[in-house]
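*Asks:* task: produce atomic coordinates for the following.
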Amino acid sequence: MMRRLILFFPLLVFFGLGIFLWRGLQLDPTELPSALIGKPMPAFQLSSLYDENQTLTENDLRGTPALLNVWATWCPTCKQEHDQLNKIAREEGVTIYGINYKDDRAKANDWLQRYQDPYARNIFDPKGTLGLDLGVYGAPETYVLDKDGIIRYRHVGEVNEKVWQQLREVMQQLDGGAS
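*Replies:* Okay, the predicted model is just below:
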């Protein structure tokens, strides 16, 4: 009896591991769970990217439903999504806030002048402290905030036309959301 158990043990481990890995293949890496969904933006006091003497806080992200986009000049995917963010802000009138994540202030401002600036406000987070509080895995990440600054949705990765359709639906469900 013990000998049979020893012979079948590796087979059981193999099947268990196979089921675990198969399940992992079914997951969407852009749908990372966030413990902050339904909770307010974490408290912060960081300078504006545009003016190092202006301090921004979580209260500056209230008043209207908005997107909060984590971006950086060193991030190639951020460059890919930037035209879409400009289009969303310009053509649809959506408020977009930025978090310039672990970046250089001068490079970031030059980048925004070169490629246009879709952001109503831009938080300079050179050490990534706000990003850490948000649970950011890396740039880009985009959050939907309601008018009270409550996080309602999180998307990891590029905002393209398909992703924007999903984000728009979430915003339309919010009181006074984007149309």
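*Asks:* ok, Asn122 to Gly128 distance?
*Replies:* Computed as CB to CB, to the nearest Å, the Asn122 to Gly128 distance reads 15 Å. All C-beta atoms are positioned from the backbone trio N, CA, C, and that covers glycine.
*Asks:* all helices of this protein, in order?
*Replies:* 2-25, 76-92, 105-115, 129-134, 161-173 (DSSP state H).
*Asks:* that older thread, who's more crowded, Asn122 and Gly128?
*Replies:* Asn122 (24 against 18; other CB atoms under 10 Å).
*Asks:* the more buried one contacts Glu52, correct?
*Replies:* No. Counting by CB atoms under 8 Å, Asn122 does not reach Glu52; the two are 11.9 Å apart.
*Asks:* ok, Asp104 - contacts?
*Replies:* Residues counted as contacts of Asp104 (CB atoms under 8 Å, 6 or more residues apart in numbering) are 73, 126.
*Asks:* picking that back up, distance to Ile37 for the helices of the chain - can I get that in JSON lines?
*Replies:* Putting the helices of the chain into JSON lines (distance: least, CB to CB, whole Å) gives the following:
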{"stretch": "helix 2-25", "distance to Ile37": "22"}
{"stretch": "helix 76-92", "distance to Ile37": "21"}
{"stretch": "helix 105-115", "distance to Ile37": "28"}
{"stretch": "helix 129-134", "distance to Ile37": "11"}
{"stretch": "helix 161-173", "distance to Ile37": "11"}
